[in-house]
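1. prediction below, plus the sequence it came from.
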Amino acid sequence: MRSNQKAFCCLVLVCTYHLAMDVVAIQARLEQLQQEENAENETLQALLANSSHLEAKIETLQHTTPKLGGIKVEVAQLNDTVGATCGLAESVSSKVRELDLVKVRLEQCLEHVKAITSIKMWVDGVQVALDTKDYAKAAIYVQQYLDFEAAQTGPINATDEYSLQVLHACKERLHSSLLQGANTALEQNDIAECLSFVRQLPRLYEHEEALGFLGTVIKREISQTYQASERYLSGDTKELEGTKLFNGYSAVLEASMAALNAHSSFVETHLGCEYVHKMVVSLQAACDSLAVPIIERFMEARNLKTSVATSGSLDTQKLDTLLAEVTAFLNRTALYFRFLNTQIKQAEESGSQVVDAAAKPTQSQALSKLLHSSALLRIIHELRADYVTLESAFVSVSMKKAMERDELIEGQKTTTVGDDCFFIAKKATNRAMLTTDAQATCATINNLCASLTDDLLAYLMAKIQQARASGLDFSALQGKLMSLAARSGAAAATGQTPSDKPVKIPLPVWVNDLFQVGEFTTQLHRQLMEMKEGLSSSWTKEDDAQLSTQIDLILDFKASVEMQLAGAMADVAATGLTSKLKLTLDELPFSSYELEEEDVVGLDSSCPQMIPVQKAIDAQIKLAKSALLSGSFPVWCSAFTELICDQLETIVLGGAFNQLGALQLERDVASLSAFISRASDCAVRDKFQRLNQICTLLSLDEPQDVYDVYGKGRTKWIVASTQVKKILLRRKDFASEKVAALRV
């Protein structure tokens, strides 16, 4: 009984548990349904809100429905109309295609009729022309036939084929007649007649044959011109032989240029630009065969190789003549090749016959290579190398002779070496420029600069060194000039030649020579630049740049001359600072220049002791003016003034001053600067710049005033900051403690 009760209780508990779980699930489901209901309500509310708009659209559709029926009817009618039109268009298109086919067939028929007519005209015309030997007209008919044959792409009608066979036979007959006529004319040496046949060959597209005959004609023309030139001169002397060879060489080159000028337009027009290149190669071969033997004969007649090997011992006059002849050959050759390149370039620019324009650079390069490997250019390169060697020897030997014959002529301030050497230099460079050969010119200028430096400049510096050791100054120069005048006068009175006893030449003369060399160098540089510009058409851009660089080497030589001149002029200026002048400078009262007011009142612009100094300086300036060139005197005056300023600075920095003494010193220095400028007619104020700055520092009221002065103003201060205190200590009224405390 109890067990049943327990079971029943358990059952009740289980049922209660499941019931509780169902209630929870039901509640969850109810909440989910509630949420869905809320969502549906919101959707319904939205639809109700839009119902007014939907009703308006429905009403609009109801009003439009009757109209749609009318549109449907109209669309059906339009469809029927378009269908009918399409059928009509298809019919018209078919008719048009038929008409096009008829038109094409008609055009083909007309072309065929035209071809038959043309062929008949060509057959009749070429036969009549051949019978009457009118080869020019026959060639025109044959060319038209060949162009027609080349244009045919389809089968040829039997009638046409027969006529074309007749024309082909006429073409062969014409070709044979032209070749026979050209050969006969060549055998008879009738060049004009030969050319009349040759110029018809391009119409038969026989370009290579035409070019071959043209090459033969060109060679004949050149040969005939050369033979005619030999008749102008006769004789077997060596002088006349050189003239004959040059005239013959010129005739060959001129005939080559004339042939190229005469035939290039024909070749360019009828054969094409690429055949101009071939003609040039053929022409150059003909030119080589005649020109090269002439050069070889000239080199043999003048023993050129022997002359080159012994150039250092040759007579300069003979060497000068030989160089003039070689220059003429080089100049004429350069003109010829420049003309050749110009003609080729013009042919390339107007060469419309070249099919592939990209082939032009390749053809030009190949032609340039062929020309540079020609026999003429090879022997000209050899001649140019000999010319450079001989020209260098001419300059070196001539300059050494000028130095051996150097002398001081009465009434002159320079010796003869400068004039002679630069006469030689101008002759050599002018001759080199006239070759219009950039490489030969550059080599000559380079060798000239070496000779000027190694020979002329070295010679002058050795003479200057000897004159320094001898101690000959301005007064010695006056004596030497008087000695020369007396010697010349005595010789003239007795009717004898002047004595060859050498005269020791003082230092100023050699310095004048050095200055004159610098001036001549400037003139030579300017002259060469002007000649280069005047011959600008003879140079390429690369040649022009190379020449400019080489000519500027002359300025490097001038820089060397100016550097040596500065040192030599300083030595000449030092000889002007005589013991008498040094003594007058030492007598200046600057060693103790502490003046009182009564001392200053009696002074003029400068102290009395400055008068002897000015007289001594004036005497040296007059001597220098009489001995030096007008151009070199300012250089001497600058160096001389600098020496005086250095001497004065040494005295001032060893002296003692008060403020009045410093102010008087400033007036003394200004007075001396103005005097030298007046006496020499040269601007020397810049040489007094350092001394004037020292005077400015010495004339300060207080040491601290240096901050207001030093480093200020437009003029750059050349007194070093480390020297400022040393200068201020020369003021005996400045406390040394204040000067030491300065921070400059």
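-> Cool, got the structure. A quick note: this is a predicted structure, and the numbers were derived from the prediction, not measured.
2. hey, let's count contacts and neighbours off CA atoms from now on
-> OK.
3. low-confidence ranges, the stretch 201-350 of the chain, go.
-> 229-240, 347-350 (pLDDT under 70).
4. helices of that one, residue ranges please.
-> Here the stretch 201-350 of the chain has its helices, by DSSP state H, counting those that start in this stretch, at 207-230, 238-270, 273-301, 304-309, 316-349.
5. can you put the ones you listed in CSV and add distance to residue 169 and mean neighbour count?
-> Compiled in CSV, the helices of the stretch 201-350 of the chain are given as follows (distance: least, CA to CA, whole Å; neighbours: other CA atoms under 10 Å):
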stretch, distance to residue 169, mean neighbour count
helix 207-230, 19, 19
helix 238-270, 24, 19
helix 273-301, 28, 19
helix 304-309, 61, 16
helix 316-349, 36, 17
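6. mind putting these into JSON lines with distance to residue 452?
-> Output for those, formatted as JSON lines (distance: least, CA to CA, whole Å):
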{"stretch": "helix 207-230", "distance to residue 452": "43"}
{"stretch": "helix 238-270", "distance to residue 452": "32"}
{"stretch": "helix 273-301", "distance to residue 452": "30"}
{"stretch": "helix 304-309", "distance to residue 452": "21"}
{"stretch": "helix 316-349", "distance to residue 452": "18"}
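7. tell me which of those sits nearest to residue 93.
-> Minimum separation from residue 93 across the helices of the stretch 201-350 of the chain (CA to CA) falls at helix 238-270, 49.6 Å.
8. quick one: list the elements packing against the closest one.
-> helix 207-230, helix 273-301, helix 316-349 (3 or more CA pairs under 8 Å, 6 or more residues apart in numbering; DSSP states H and E).
9. just put those in JSON lines and tack on distance to residue 261.
-> Formatted as JSON lines, the helices and strands packed on helix 238-270 follow (distance: least, CA to CA, whole Å):
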{"stretch": "helix 207-230", "distance to residue 261": "11"}
{"stretch": "helix 273-301", "distance to residue 261": "11"}
{"stretch": "helix 316-349", "distance to residue 261": "8"}
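10. which one of those helices lies closest to residue 81?
-> helix 316-349 (66.1 Å).
11. got the contact list for the spatially most central residue of the chain?
-> Against the mean C-alpha coordinate of the chain, by CA atoms, centre = their mean, the closest residue is residue 545 at 3.9 Å. Going by CA atoms under 8 Å, 6 or more residues apart in numbering, residue 545 touches no other residue.
12. show me the strands in the chain, by range?
-> Applying DSSP state E to the chain gives no strands.
13. which helix in it runs the most residues?
-> helix 2-131 (DSSP state H).
14. now do that one: distance to the chain's middle.
-> 76 Å (CA atoms, centre = their mean, to the nearest Å).
15. where do the helices of the stretch 351-500 of the chain begin and end?
-> So, for the stretch 351-500 of the chain - with DSSP H, counting those that start in this stretch - the helices run 359-372, 375-404, 417-434, 438-451, 458-470, 474-494.
16. re earlier: for residue 553, see how far away the residue nearest to the centre of the chain is.
-> 13 Å (CA to CA, to the nearest Å).
17. one more: residue 423?
-> Distance, residue 423 to residue 553, by CA to CA: 19 Å.
18. between these two, tell me which one has more neighbours.
-> Taking other CA atoms under 10 Å, residue 423 and residue 553 do not tie; residue 553 has more neighbours (17 against 14).
19. export stretch 617-628 as CSV, just CAs?
-> The C-alpha trace of stretch 617-628 is given here as CSV (Å, rounded to 0.1, in the frame of the first residue of the first chain):
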residue,chain,number,x,y,z
ILE,A,617,111.4,108.4,-57.7
ASP,A,618,110.9,110.8,-60.6
ALA,A,619,114.4,110.2,-61.9
GLN,A,620,113.8,106.4,-61.9
ILE,A,621,110.4,106.8,-63.6
LYS,A,622,112.0,108.9,-66.4
LEU,A,623,114.7,106.3,-66.9
ALA,A,624,112.1,103.5,-67.0
LYS,A,625,110.0,105.4,-69.5
SER,A,626,113.0,105.9,-71.8
ALA,A,627,114.0,102.2,-71.5
LEU,A,628,110.8,100.3,-71.5
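20. buried residues in it, which are they?
-> Neighbour counts over stretch 617-628 (16 or more other CA atoms under 10 Å) mark 617, 618, 620, 621, 623, 624, 625, 627, 628 as buried.
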